[in-house]
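Visitor: Model the structure of this input:
(one chain, ligands or ions: 1)
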Amino acid sequence: MDKRSKYAALIGMGAALASLPVRAALYRPEKVNGGTLPDEQVDLERYRKNLSDAIRIKTIASDDAEKTDWAPFDEFHELLRERYPLIHEKLELKEFGRGSLLFRWHGSDPSLDPIALLAHQDVVPVSEGTEDDWEHPAFEGHDDGEFIWGRGALDMKNHLIAVMEAVEDLLAEGFAPVRDVYLCLGHNEEVMCSVDNGAVIMCNYFEEQGIHLDCIIDEGGAILPVNIGGVIHKNLAGIGVAEKGYADFEVAVTAKGGHSSQSPNHTAIGKLADVIKDIENHQFKAELTPMMMELFDKIGRNCSFPVRMVTCNIKLLKPLIKKAMTYIPPAASMIRTTTGVTMASGSPAPNVLPQRASVNVNFRIFPGETVEDVEKHLRKVIRNKNVEISLRPGWKNPSKISPRDSRCFKALEEICVSMDPDNIVAPYLVMGGTDACHYEAVCENIYRYSPFPVSTALLLTVHGTNERIPIASMAVGVAFFKRYVRRLSLP
Ligand SMILES: [Zn+2]
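Guide: Sure, this is the predicted structure:
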């Protein structure tokens with residue numbers, strides 16, 4: 001570089017640095033108009049009682065419908081009938097696949113596409129041996145004045161009952177929707193391989209009837225407090241616009257068996273060890289999608305001024321952020337297909353050489369990739385071409401990505417901000433599965449959102465011990481659904 005270009009480069013760098021404070025000052029959150037929606041009345045006492053009673057009913061589905069105990073589902077339906085008389089009087093009800101319920105609230109304009117609110121009635125069982133770890137039993141619905149405890153308190157009887165509360169209230173208040181409003185209450189979301197999947201059956205019904213849905217809301221991101229001293233004090237309302245796919249592959253190596261006293265240098269397990277290393281050493285490519293960049297951008301804009309001096313350069317920092325995220329497993333899971341070797345099997349006895357050794361490799365597939373891509377990847381990276389690779393049942397491809405410029409997403413943003421101006425609404429990728437992905441044939445605008453302010457620590461109790469919902473967050477959920485139905489059931 002000659003002297004002149006050196007000076008030019010220095011001047012350029014100086015100008016960029018000098019403009020930083022200005023850029024950071026201008027790097028502010030975009031204005032969302034949320035101030036026009038009226039407050040909603042919520043009967044919190046009724047909601048508390050109904051949620052407690054709903055948790056007491058053990059609605060656990062099995063992957064085999066024959067093995068499911070249907071009595072609790074009947075009891076659950078009875079509870080809904082008793083507690084929500086207006087819904088049962090004014091809405092049309094159809095039952096599907098033994099346990100799923102589909103309510104239809106007729107709107108005044110049948111030419112408009114309906115909206116649907118989804119929730120699942122089933123819960124996961126409590127892991128054997130952990131029953132006594134619960135501070136209050138999992139199926140008692142204990143209300144201690146601060147929390148309601150039990151399986152389903154967050155996943156997702158809280159959500160289902162809040163939807164019922166909201167619709168019952170709106171009916172009592174004389175609200176009449178313009179679009180049809182469907183409530184789709186599946187009965188076996190937690191069971192992956194179920195052949196009588198309630199969500200699939202209900203979606204098939206919509207397809208047969210030629211019904212196209214304007215938008216869907218199902219379980220998803222909660223309202224998470226983001227508090228970092230001097231940096232940011234806000235809540236992150238994550239709207240799940242897509243969900244990852246799922247696949248298990250069995251990878252196996254065969255060998256001559258025999259007595260372990262005459263073992264070769266490498267048994268089937270030894271050969272398999274090389275295969276595992278090949279798989280683990282070739283992780284999937286990470287990608288910071290526009291959705292993820294939007295999430296960072298929204299958070300970055302809400303940081304304090306000194307931090308915004310850094311975050312306003314988010315586009316320049318992209319490669320660095322991506323690299324850093326791949327080193328932190330929970331962060332890496334947001335930007336790539338994850339690979340987890342989870343189960344292994346070899347010979348049946350300590351002194352027997354294995355004739356076959358196998359592992360299970362679990363993949364959570366990033367939107368844009370498919371189960372087929374995962375198999376291709378495995379066949380490419382494993383050097384030993386004598387391995388057997390087979391896909392296990394229960395797989396699913398990732399969902400499509402719902403748009404962020406739809407009528408529904410904009411309304412979600414406005415409603416969330418109207419309820420608390422400190423809510424940052426951002427799209428995100430849902431790691432687990434929901435019923436919503438089964439509705440892609442009849443709807444493009446699918447959003448996954450659980451409108452309850454809940455701490456990250458409490459979210460970790462989902463599917464675990466001491467699942468519970470803070471009572472302080474409950475009214476927010478019902479008020480949200482009332483606003484949602486009022487707003488989205490209009491043209
Ligand atoms: Zn769930």
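
Visitor: what domains does the record give for the chain?
Guide: Per automatic domain parsing, the structural domains of the chain span 44-242+399-488, 252-391.

Visitor: got the residues of the stretch 51-200 of the chain near the ion?
Guide: Counting by CB under 5 Å from the ion, the residues of the stretch 51-200 of the chain lying close to the ion are 155, 156. Just so you know, the C-beta spots here come from the backbone N, C-alpha and C atoms, and that holds for glycine as well.

Visitor: now the helices: where do they sit in the stretch 51-200 of the chain?
Guide: Per DSSP state H, counting those that start in this stretch, the stretch 51-200 of the chain carries helices over the ranges 71-83, 85-90, 157-172, 198-208.

Visitor: related to what we said a few turns ago, generate a markdown table for the domains of the chain, with mean neighbour count, mean pLDDT and distance to residue 22 as supplementary columns.
Guide: Shown next, in a markdown table, are these (neighbours: other CB atoms under 10 Å; pLDDT from 0 to 100; distance: least, CB to CB, whole Å):
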| stretch | mean neighbour count | mean pLDDT | distance to residue 22 |
| --- | --- | --- | --- |
| domain 44-242+399-488 | 19 | 95 | 21 |
| domain 252-391 | 16 | 94 | 10 |
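
Visitor: Kindly reformat the helices of the stretch 51-200 of the chain as JSON lines containing distance to residue 368.
Guide: What follows is the helices of the stretch 51-200 of the chain, written out as JSON lines (distance: least, CB to CB, whole Å):
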{"stretch": "helix 71-83", "distance to residue 368": "37"}
{"stretch": "helix 85-90", "distance to residue 368": "40"}
{"stretch": "helix 157-172", "distance to residue 368": "28"}
{"stretch": "helix 198-208", "distance to residue 368": "23"}
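
Visitor: quick one, which of those is nearest to residue 327?
Guide: Using CB to CB as the measure, helix 157-172 is the one of these that comes nearest residue 327, at 34.1 Å.

Visitor: now for the closest one, which elements pack on it?
Guide: Packed against helix 157-172 by the contact rule (3 or more CB pairs under 8 Å, 6 or more residues apart in numbering; DSSP states H and E) you find helix 44-56, helix 85-90, strand 115-120, strand 181-186, strand 446-453, helix 474-488.

Visitor: Same list (those) but as TSV, adding distance to residue 174.
Guide: Converted to TSV, the helices and strands packed on helix 157-172 look like this (distance: least, CB to CB, whole Å):
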stretch	distance to residue 174
helix 44-56	18
helix 85-90	11
strand 115-120	19
strand 181-186	15
strand 446-453	24
helix 474-488	12
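
Visitor: Ok, which of these comes nearest residue 291?
Guide: Closest to residue 291 of these, according to CB to CB: strand 446-453, at 12.6 Å.

Visitor: hang on, the earlier thing: so which of the helices of the stretch 51-200 of the chain gets nearest residue 302?
Guide: Evaluated over the helices of the stretch 51-200 of the chain, closeness to residue 302 peaks at helix 157-172, with 26.3 Å, by CB to CB.

Visitor: Please work out the angle formed by the directions of the closest one and strand 115-120.
Guide: On the basis of axes from the mean of the first three to the mean of the last three CA atoms, to 10 degrees, helix 157-172 is oriented at 140 degrees to strand 115-120.

Visitor: Could you check how far helix 157-172 is from the centre of its chain?
Guide: Put simply, helix 157-172 sits 21 Å off its chain's centre (CA atoms, centre = their mean, to the nearest Å).

Visitor: For that helix, list the C-alpha coordinates in PDB.
Guide: C-alpha atoms of helix 157-172 as PDB (Å, rounded to 0.1, in the frame of the first residue of the first chain):
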ATOM      1  CA  LYS A 157     -53.600 -26.500  29.800                       C
ATOM      2  CA  ASN A 158     -52.900 -22.900  30.800                       C
ATOM      3  CA  HIS A 159     -53.100 -21.900  27.200                       C
ATOM      4  CA  LEU A 160     -56.100 -24.100  26.300                       C
ATOM      5  CA  ILE A 161     -58.100 -22.900  29.300                       C
ATOM      6  CA  ALA A 162     -57.200 -19.200  28.600                       C
ATOM      7  CA  VAL A 163     -58.600 -19.600  25.100                       C
ATOM      8  CA  MET A 164     -61.800 -21.000  26.500                       C
ATOM      9  CA  GLU A 165     -62.000 -18.200  29.100                       C
ATOM     10  CA  ALA A 166     -61.500 -15.600  26.500                       C
ATOM     11  CA  VAL A 167     -64.100 -17.000  24.100                       C
ATOM     12  CA  GLU A 168     -66.700 -17.500  26.900                       C
ATOM     13  CA  ASP A 169     -66.100 -13.900  28.000                       C
ATOM     14  CA  LEU A 170     -66.500 -12.500  24.500                       C
ATOM     15  CA  LEU A 171     -69.700 -14.400  24.000                       C
ATOM     16  CA  ALA A 172     -71.000 -13.100  27.400                       C
END
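
Visitor: residues in contact with the residue nearest to residue 329 when sequence neighbours are not counted?
Guide: Nearest residue to residue 329, sequence neighbours excluded (CB to CB, 6 or more residues apart in numbering): residue 338, at 7.9 Å. Neighbouring residues of residue 338 by CB atoms under 8 Å, 6 or more residues apart in numbering: 284, 329, 332, 363, 364.

Visitor: Spell out, range by range, the helices that occur in the stretch 301-450 of the chain.
Guide: 305-311, 318-326, 329-332, 371-381, 407-419.

Visitor: re earlier: with respect to residue 56, which of the contacts of residue 338 is nearest?
Guide: residue 364 (33.3 Å).

Visitor: Was I right to think that closest one contacts residue 334?
Guide: No - counting by CB atoms under 8 Å, residue 364 does not reach residue 334; the two are 10.4 Å apart.

Visitor: so what sits against both of the two?
Guide: In contact with both residue 364 and residue 334: residue 431, using CB under 8 Å, 6+ apart.

Visitor: Taking strand 446-453 as reference, get the angle to the lengthiest strand in the chain.
Guide: Ordering each strand of the chain by length in residues (DSSP state E) puts strand 215-228 first. Interaxial angle of strand 215-228 relative to strand 446-453 (the same axes, to 10 degrees): 40 degrees.

Visitor: mind listing what residue 172 touches?
Guide: Residue 172 is in contact with residue 86, counting by CB under 8 Å, 6+ apart.

Visitor: Distance check, it against residue 300.
Guide: Counting by CB to CB, to the nearest Å, the gap from residue 172 to residue 300 is 43 Å.

Visitor: try residue 105
Guide: 41 Å.

Visitor: Equivalent analysis for residue 462, please.
Guide: The gap separating residue 462 from residue 300 is 28 Å, by CB to CB.

Visitor: same deal with residue 118?
Guide: 32 Å.

Visitor: swap in residue 147?
Guide: Distance of residue 147 to residue 300, computed by CB to CB: 34 Å.

Visitor: again, but for residue 27
Guide: 7 Å.

Visitor: who touches both of the two?
Guide: Joint contacts of residue 27 and residue 300 (CB under 8 Å, 6+ apart) are 308, 311, 312.

Visitor: OK, contacts around the first one?
Guide: To tie it back to what came earlier, the one meant is residue 308. By CB under 8 Å, 6+ apart, the contact list for residue 308 reads 24, 25, 27, 300, 301.

Visitor: what's around the first one, how many residues?
Guide: A total of 20 residues lie near residue 24 under the criterion other CB atoms under 10 Å.

Visitor: right, and residue 238 touches residue 426 too?
Guide: Yes - the criterion here is CB under 8 Å, and residue 238 meets it with residue 426 at 6.0 Å.
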